[in-house]
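1. let's see this in three dimensions:
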Amino acid sequence: MPFDGTQIETPALRRAILVDALRHEMPTGFAWDFRKLYSDTGCGSEGCALGLASLIWPDHANMLLSYQRTGEIAEFFGISARDAYRIFWDEGPRAGFVYRRETPRPTTVARELERAPVVVPDECVSP
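-> This is a model prediction of the structure:
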């Protein structure tokens, strides 16, 4: 789903855009890579879903890359703070929902984002 600027960005649209990006080839210069933690992007690694999101929405990069702003990240994508924490953070890329056994694939994160129930902003409170 390309974003051509004609749509009104809603949390559901942002989530769909990120899911689509996670299912396609990574942008030039971006590597899905959890080996270098907390370096270039400031999120869990250089190559995480929120690192990718920060490239798509550079005006929101500070919020997207901040663990302390999980509630805002949840609102941004229209999911609960609990789901945002579980999908994006859950103890970092070394121990999260899929990280315990192996490094997650972008498509795995996309699937989890699609499975997360839609939440209205008032319900997006920190866990």
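
2. tell me how far Gly71 lies from Asp33.
-> 27 Å (CB to CB, to the nearest Å). From N, CA and C alone the C-beta is placed, and that goes for glycine too.

3. what's the answer for Leu13, then?
-> Leu13 is 27 Å from Asp33, by CB to CB.

4. for Leu52, same thing?
-> Relative to Asp33, and taking CB to CB, Leu52 is found at 11 Å.

5. which of those two has more residues huddled nearby?
-> Higher neighbour count among Leu52 and Asp33: Leu52, with 21 against 15, using other CB atoms under 10 Å.

6. correct me, but that one touches Arg23?
-> No: the pair Leu52 / Arg23 is not scored as a contact, 11.3 Å apart, by CB atoms under 8 Å.

7. what touches both of these two?
-> With contacts defined as CB atoms under 8 Å, 6 or more residues apart in numbering, the residues adjacent to both Leu52 and Arg23 are Pro106.

8. contacting residues for the closest residue to Arg15 other than its chain neighbours?
-> Nearest residue to Arg15 in three dimensions, chain neighbours excluded: Phe77, at 4.4 Å (CB to CB, 6 or more residues apart in numbering). Neighbouring residues of Phe77 by CB under 8 Å, 6+ apart: 11, 14-15, 18, 84, 113.

9. burial count for the closest residue to Arg105 other than its chain neighbours?
-> Residue nearest to Arg105 in three dimensions, not counting chain neighbours: Trp32, with 7.7 Å by CB to CB, 6+ apart. Residues near Trp32, counting by other CB under 10 Å, number 18.
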